[in-house]
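Asks: Task: produce atomic coordinates for the following.
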Amino acid sequence: MVVNLNHVIDQVVKDKGVDRAVLVEALESAVLSAANKKYRNTRDLEAHYNNERGEVELFEFVTVVDEVQDSYKEIDLQEAREIDPEVQAGDSLGMKMEDSGNFSRIAAQTAKQVIIQKVREAEREGIFNEFKDRVGELVNGIVRRYERGDLIVDLGRAEALLPHREQVPRENYRQSDRVRAYIAEVRMSPKGPQIILSRTHPNLVIELFRTEVPEIAEGIVDIVSCSREPGSRAKIAVVSHDPDVDPVGACVGMRGARVQNVVSELRGEKIDIIPWTPDMARFACAALAPADVSRVYVDNENQAMEIIVPDDQLSLAIGKKGQNVRLAARLIGWKIDIKSESRAAEIEQEALRATEEEVDEVVSEDATAAETDSAPQDELAGPEDTEPHNA
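Replies: Residues are numbered from 1 along each chain as shown. You can find the predicted model right below:
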């Protein structure tokens, strides 16, 4: 009795979420593989799934000829016309094999690995297609285990990888801990789709603010840029497209609730929220907050700035180990050189002295040249011209 495979296919589709067409293709491939193995690849065979009967039918194709030379692949014209009266020499004739049902049972037993492989491939393809369009999103997962410093995170349908390099140094996780991360990359590998997560990416901060601040989600407020040293400090530049909405206030929230939620998710990482402006000098001054700035020299061609700050503000502007100025430079995308007022004055004095020395040197050279030019005219007067004449 032929097994109705429709019930089996429907159950696998329901349990595994695999496309029905993929399973049908796997069954056809399994039956064809079993048949070719039995006949040692001596026949031209094709397998087709009959949806109404729920079985895989096997067809043998032979070429119609006047004189048979290969009985496995050719059939006599007269014999062929008993099957199809309109067939002509040279035509390909397909005949259903009577033991197709037997091959269906063989396939269910001997080709199980082929079907399992197809199902796995389909599952992997489905996971890849689902997550490849989610790059740049935040996801929640459960920590499963550590593998050589990398964290394996369960996302539900798939497992993701949080590499050691994408982990914040002072963050530690245990099994079953919840983790929120940024999907940095999705790629297909020989072992299946790899979903790479990150806790250090600057966009993690942007996406966290997007979930906490409705004005950002609605497009009223935009985060123009973000710079970050994971686990320590971050700076974001924000701008509002509505004059009635303060971008900094929207991100901070009532009594700092919104920004505090982001800080808590980042486990205490400090965040500076800076209003963006197209005036790069003013933007740089704001980016160096809380330090005060005396004056700014802008080099638009080289996208560089020289910023002068009061002596007592220099360490604040530079920050611990240069962190503040480093983050500010990344935020605006320009090079920043900071000097104190006293150091700037010293450099100006040195430049002034150097200029005066150059001027004195030029004047001295001009005087020497003038004396040299006048010397030959004095020598033209000979002794007879310089001594008095006798009457």
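Asks: contacts, neighbours, all on C-alpha from now
Replies: OK.
Asks: what about the helices in the protein?
Replies: 5-16, 20-39, 77-83, 100-110, 112-132, 202-212, 214-217, 247-252, 257-265, 280-287, 314-318, 323-332, 341-379, 383-386 (DSSP state H).
Asks: Of those helices, give the one that comes closest to residue 53.
Replies: Closest to residue 53 of the helices of the chain, according to CA to CA: helix 5-16, at 8.4 Å.
Asks: can you pull the buried residues of that closest one?
Replies: 5, 6, 9, 13 (16 or more other CA atoms under 10 Å).
Asks: Quick check: the last one touching residue 20?
Replies: Yes: assessed by CA atoms under 8 Å, residue 13 is found in contact with residue 20 at 6.2 Å.
Asks: Residue 157: neighbour count?
Replies: Per other CA atoms under 10 Å, the neighbour tally for residue 157 reads 10.
Asks: repeat for the one 4 residues further on
Replies: With neighbours defined by other CA under 10 Å, the count for residue 161 comes to 20.
Asks: List the residues that contact it.
Replies: Residue 161 makes contact with 150, 151, 152, 153, 194, 195, 196, 197, according to CA atoms under 8 Å, 6 or more residues apart in numbering.
Asks: Please apply the same query to residue 164.
Replies: Residue 164 makes contacts with 149, 150, 151, as judged by CA under 8 Å, 6+ apart.
Asks: Same question for residue 62.
Replies: 44, 72, 73, 74, 75, 92, 93, 94.
Asks: let's go with 10 Å and repeat that
Replies: Listed by CA atoms under 10 Å, 6 or more residues apart in numbering, the contact partners of residue 62 are 43-45, 70-76, 80, 90-95.
Asks: Now list the buried members of those.
Replies: Buried by 16+ other CA under 10 Å: 43, 45, 73, 74, 75, 76, 80, 92, 93, 94, out of the contacts of residue 62.
Asks: could those go into JSON lines alongside distance to residue 297?
Replies: Converted to JSON lines, the buried ones among the contacts of residue 62 look like this (distance: CA to CA, whole Å):
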{"residue": "43", "distance to residue 297": "84"}
{"residue": "45", "distance to residue 297": "81"}
{"residue": "73", "distance to residue 297": "87"}
{"residue": "74", "distance to residue 297": "90"}
{"residue": "75", "distance to residue 297": "93"}
{"residue": "76", "distance to residue 297": "96"}
{"residue": "80", "distance to residue 297": "94"}
{"residue": "92", "distance to residue 297": "85"}
{"residue": "93", "distance to residue 297": "87"}
{"residue": "94", "distance to residue 297": "85"}
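Asks: Could the C-alpha coordinates of stretch 171-190 be exported in CSV?
Replies: C-alpha atoms of stretch 171-190 as CSV (Å, rounded to 0.1, in the frame of the first residue of the first chain):
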residue,chain,number,x,y,z
GLU,A,171,30.4,44.0,31.4
ASN,A,172,30.1,40.4,32.6
TYR,A,173,27.3,38.0,31.8
ARG,A,174,26.1,34.7,33.2
GLN,A,175,24.0,31.9,31.7
SER,A,176,20.3,32.9,31.4
ASP,A,177,21.1,36.6,31.7
ARG,A,178,19.1,39.0,29.4
VAL,A,179,21.2,40.9,26.9
ARG,A,180,20.2,43.7,24.5
ALA,A,181,22.5,44.2,21.6
TYR,A,182,22.8,45.7,18.1
ILE,A,183,22.8,43.5,15.0
ALA,A,184,26.0,44.6,13.3
GLU,A,185,26.2,41.9,10.6
VAL,A,186,24.5,38.9,9.1
ARG,A,187,26.4,36.6,6.8
MET,A,188,26.0,33.1,5.4
SER,A,189,28.8,30.6,6.4
PRO,A,190,29.3,26.9,5.6
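Asks: who's residue 229 bridged to?
Replies: For residue 229, the beta-bridge partners under DSSP bridges are residue 233.
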